[in-house]
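> A structural model of the following input is requested.
(one chain, ligands or ions: 2)
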Amino acid sequence: MSQLDLLNIVHRPRRLRRTAALRNLVQENTLTVNDLVFPLFVMPGTNNIEEVSSMPGSFRFTIDRAVEECKELYDLGIQAIDLFGIPEQKTEDGSEAYNDNGILQQAIRAIKAAVPELCIMTDVALDPFTPFGHDGLVRDGIILNDETVEVLQKMAVSHAEAGADFVSPSDMMDGRIGAIREALDESGHSDVGILSYAAKYASSFYGPFRDALHSAPQFGDKSTYQMNPANTEEAMKEIELDIIEGADIVMVKPGLAYLDIVWRTKERFDVPVAIYHVSGEYAMVKAAAANGWLDEERVMMESLLCMKRAGADIIFTYYAKEAAKRLR
Ligand SMILES: NCC(=O)CCC(=O)O
Ligand SMILES: [Mg+2]
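Ligands and ions are numbered 1, 2, ... in the order given. The predicted structure follows:
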């Protein structure tokens, strides 16, 4: 008797991996274009785009060019964008953030007019709008909570007035979801939803995004309002509070290094969960691919699929267009 004859294996999981057809039949999770949200950076000016140096293949768009980009996204099957704006001017009171003719408000109107079916989500936070690069108002080096929330209420209402479908507060101030919900309802925008960046960590993976928006913090870091990467229970608390306050969708951010948080969120709560595949994650893949060290397309698709497997319903990614083309 050879040694092999001694193996009396009933369960052979490899049977289900023998052919592509079998592998497809038993596949548990699937990425679709419906899952993707494209983050879009808009800047002042006309007929111009600028590549973000630390995010090759990602651009800032003037509004007219952003409209063209949105048509292309929608034609590719991408049904939602998240808008980020670079204002004409930064002021200490962040008032450009709620200027009815501000960069985001103009962009929302132009995109809504051109591609009405596209879901427009908008970033609600002050970091690009003050010289400090922090997500809230600043006094004596402190990021103010309640004073900031009042500005965020105005910002969210002005986005809704311009035609936003959803606002996405990314600032991590306490109590802002309830306050924004109330402000939207009182101004007649009870149909405008809130996607809350509920568990947003103070992460070093955001570096390239701050280049893109010219919004790097001018002093200190964001650890007095964004979460400590060491914590999980705190994320559950943040998410629970935001759901109680009225969040329709909650987000965990960043992506791959935080999939355990996504999984716990999905297990524990019954609202849709979004994940943000952030700029640093994108930049790492781009850099490795440029060196010939990774297969960019395969790593991209695997990363996004793994986010689905972890429980994400919605994925914000700078790779949305490439993934959509691949999924066609
Ligand atoms: N509030 C939005 C972000 O901080 C984005 C971060 C990134 O893509 O790195
Ligand atoms: Mg919170």
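
> can you list the weak-confidence ranges in the stretch 151-300 of the chain?
Within the stretch 151-300 of the chain, no range satisfies pLDDT under 70.

> quick check: residues of it near ligand 1?
Within reach of ligand 1 by C-beta under 6 Å from any ligand atom, the stretch 151-300 of the chain has these residues: 170, 205-206, 209, 278-280. From N, CA and C alone the C-beta is placed, and that goes for glycine too.

> mind listing what Val138 touches?
Neighbouring residues of Val138 by C-beta atoms under 8 Å, 6 or more residues apart in numbering: 92, 130, 132, 144.

> thought the third one was touching Ser215?
In this case it means Phe132. No: using C-beta atoms under 8 Å, Phe132 makes no contact with Ser215, being 9.5 Å away.

> bridged to Phe41, which residues?
Arg60, Phe84 (DSSP bridges).

> show the contacting residues for it.
Phe41 neighbours (C-beta under 8 Å, 6+ apart): 52, 58-61, 84-86, 212-213.

> compare those and tell me which is most surrounded.
Scoring the contacts of Phe41 on neighbours with other C-beta atoms under 10 Å, the highest-scoring entry is Gly85 at 27 neighbours.

> hang on, isn't that residue packed against Val42?
Yes: look at Gly85 against Val42 with C-beta under 8 Å: they come within range, at 5.1 Å.

> what's around Glu267, how many residues?
Per other C-beta under 10 Å, the neighbour tally for Glu267 reads 8.

> also the one 10 residues further on?
As a burial measure, the neighbour count of His277 was computed by other C-beta under 10 Å and equals 28.

> check the one 10 residues further on too.
Number of residues near Ala287 (other C-beta under 10 Å) recorded here: 13.

> tell me which helix or strand comes right after the helix or strand hosting it.
For Ala287, the host element (DSSP states H and E) is helix 279-290. Once helix 279-290 ends, the next helix or strand along the chain (criterion: DSSP H and E) is helix 296-310.

> could you point out the helix or strand that follows that following helix?
strand 314-317.

> can you show me the helices along the chain?
For the chain, helices defined by DSSP state H occupy the ranges 20-25, 63-75, 103-114, 146-162, 176-186, 207-213, 233-245, 259-268, 279-290, 296-310, 320-327.

> what angle do the longest one and helix 103-114 make?
Okay, so that is helix 146-162. 20 degrees (axes from the mean of the first three to the mean of the last three C-alpha atoms, to 10 degrees).

> now swap in the fifth one and tell me
On the basis of the same axes, to 10 degrees, helix 176-186 is oriented at 50 degrees to helix 103-114.

> how about residues contacting helix 176-186?
124, 148-150, 152-154, 156-157, 160, 167, 169, 190, 192, 194, 196, 198, 241-242, 244-247.

> and the buried ones among those, selectable in ChimeraX?
Selecting only the buried entries of these in ChimeraX, with 16 or more other C-beta atoms under 10 Å as the criterion:
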select :124,148,149,152,153,154,156,157,160,167,169,192,194,196,198,241,242,245,246,247
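
> quick revisit: now the contacts of Phe41 in CSV, with distance to Thr30?
Below are the contacts of Phe41 laid out as CSV (distance: C-beta to C-beta, whole Å):
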residue, distance to Thr30
Val52, 30
Ser58, 26
Phe59, 29
Arg60, 32
Phe61, 31
Phe84, 29
Gly85, 34
Ile86, 36
Ala212, 30
Leu213, 33
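
> can you tell me which of these is nearest Ala324?
Checking the contacts of Phe41 against Ala324 with C-beta to C-beta, the nearest one is Ser58 at 15.0 Å.

> contacting residues for the closest one?
Contact analysis of Ser58 by C-beta under 8 Å, 6+ apart lists 41, 51-52, 212, 279, 282, 318.

> specify the beta-bridge partners of Lys253.
Here Lys253, judged by DSSP bridges, has bridge partners Lys200.

> okay, and the common contacts of Gly85 and Val42?
Joint contacts of Gly85 and Val42 (C-beta under 8 Å, 6+ apart) are 103-104, 107.

> of these, closest to Thr224?
Leu104 (25.6 Å).

> fine by me, we can end here.
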